[in-house]
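> Give me the fold of what follows.
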Amino acid sequence: MADTAAGFGRILVAIYATFALAATARAGVQLATRYDEAPVAYLLSALSAVVYVVATFALARNARRLAFAAVLFEFVGVLVIGTLSILDAEAFPDETVWSDFGRGYLFIPLVLPLVGLWWLRRTAAGRP
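Next up is the predicted model:
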């Protein structure tokens with residue numbers, strides 16, 4: 001079983017760490033300064049920050065089950081929040097990290113969990 005943080009995994013961990021930092025900073029500022037404007041959106045940004053932190057830690061520490069759970073949760077979150085933010089834009093008066101499938105972040109939130117799941121599979125036991 002290959003280490004999830006080796007080789008390409010180092011780049012993946014760095015990207016997750018960058019998103020963890022960005023989402024945490026964004027959510028922190030939003031919750032501290034404008035919570036009453038869009039509490040659901042800002043709490044969802046905070047949730048995404050937690051997911052990115054957990055995924056970063058799990059991938060860096062080769063905690064495969066935790067990494068899989070975090071990355072899968074991230075993917076489902078992007079799909080659900082992305083869909084809801086398009087179908088009911090009024091429910092999201094301000095963007096979250098996962099709004100419009102991560103459009104505000106160049107759709108990286110949509111692609112990143114797919115890459116993460118691929119990497120977890122690629123580094124699994126019995127894989128070349």
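> so where's the longest helix in the chain?
Secondary structure assigned by DSSP state H gives helix 8-34 as the longest helix of the chain.
> List the buried residues for that one?
9, 12-13, 15-17, 19-20, 22-24, 26-27, 30 (16 or more other C-beta atoms under 10 Å). Every C-beta, even on glycine, is put in place using the N, C-alpha and C of the backbone.
> Columns distance to Ala2 on top of those residues, output as TSV?
Below are the buried residues of helix 8-34 laid out as TSV (distance: C-beta to C-beta, whole Å):
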residue	distance to Ala2
Gly9	8
Leu12	12
Val13	14
Ile15	18
Tyr16	17
Ala17	20
Phe19	23
Ala20	23
Ala22	28
Ala23	27
Thr24	29
Arg26	33
Ala27	33
Gln30	38
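> hmm, back to that, in the helix or strand just after the longest helix of the chain, which residues are buried?
Toward the C-terminus, helix 8-34 is succeeded by helix 39-60 as the next helix or strand (DSSP states H and E). Within helix 39-60, the residues that count as buried by 16+ other C-beta under 10 Å are 41-42, 44-49, 51-60.
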